[in-house]
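[1] Predicted model follows, preceded by the sequence.
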Amino acid sequence: MEEVTSAEESCMSLSTTSCSQHYRDPVEDQWDTLRITEEVKIAFYKEGTEKYIIFNGTDTNISDWFRQDRILSSSWSAMEERLYAHFSIER
C-alpha cells in the first residue's frame with residue numbers, strides 16, 4: 001500500500017505544490033503521552049482556503065478524539081448543525 005501521509009516540512013507549507021502527500025504531524029505518534037487537555041484542530045487546505053473542525057481533545061486517545069459529540073466548532077455549517085449521514089476517521 002502506498003504511503004499517503006508525510007511528516008516532511010515541505011508538505012506542511014501552503015505554498016508548496018510539489019508535495020504529493022498529505023502532511024501528518026509526527027506529534028500524533030506521541031498522543032497517549034501528551035495528556036491533551038485542550039482543543040484539537042484538523043484542517044484542510046486547498047487553493048489558499050482553510051476548512052477545519054475543532055474538537056474537545058480533553059482525555060482522548062489517538063482513536064477517540066475524532067467523534068461528532070466532541071465537535072466544538074467548524075468552518076462547515078453542516079458540522080455545527082450536526083447534519084451529516086456518516087462521521088468517522090479510519091486509522
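    Arrived safely.
[2] Next, the closest residue to residue 88 other than its chain neighbours: secondary structure please.
    Among residues not flanking residue 88 along the chain, residue 66 sits closest, at 7.6 Å (CB to CB, 6 or more residues apart in numbering). To be clear about C-beta, it is placed using only N, CA and C from the backbone, and glycine gets the same treatment. At residue 66 the chain is in coil, as set by DSSP: H, G, I helix; E, B strand; the rest coil.
[3] before we move on, which element is residue 32 in?
    Per DSSP states H and E, residue 32 falls inside helix 31-34.
[4] got the contact list for that helix?
    Contacts to helix 31-34, defined as CB atoms under 8 Å, 6 or more residues apart in numbering, come from residues 27, 60-62, 65.
[5] coming back round to it: hang on, isn't the residue nearest to residue 88 packed against residue 56?
    No. Using CB atoms under 8 Å, residue 66 is not in contact with residue 56, being 11.2 Å away.
[6] re the thing from before, who wins for most neighbours among the contacts of helix 31-34?
    residue 60 (20 neighbours; other CB atoms under 10 Å).
[7] Please give me every residue in contact with the residue nearest to that residue when sequence neighbours are not counted.
    Leaving aside its chain neighbours, residue 60 sits nearest to residue 36 (6.0 Å; criterion: CB to CB, 6+ apart). By CB under 8 Å, 6+ apart, the contact list for residue 36 reads 57-60, 65.
[8] out of these, who's nearest residue 72?
    residue 57 (9.4 Å; CB to CB).
[9] now the closest one: how far from residue 70?
    8 Å (CB to CB, to the nearest Å).
[10] Then residue 40?
    Residue 40 sits 8 Å away from residue 70, going by CB to CB.
[11] anything in contact with each of those two?
    Applying CB under 8 Å, 6+ apart, one finds that residue 40 and residue 70 are jointly contacted by 55-57, 60.
[12] Which of those fall within helices?
    Judged by DSSP state H, the subset of these located in helices is empty.
[13] how about a markdown table for the residues you listed, with pLDDT and distance to residue 78 added?
    Shown next, in a markdown table, are the shared contacts of residue 40 and residue 70 (pLDDT from 0 to 100; distance: CB to CB, whole Å):
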| residue | pLDDT | distance to residue 78 |
| --- | --- | --- |
| 55 | 93 | 16 |
| 56 | 95 | 19 |
| 57 | 92 | 21 |
| 60 | 90 | 23 |
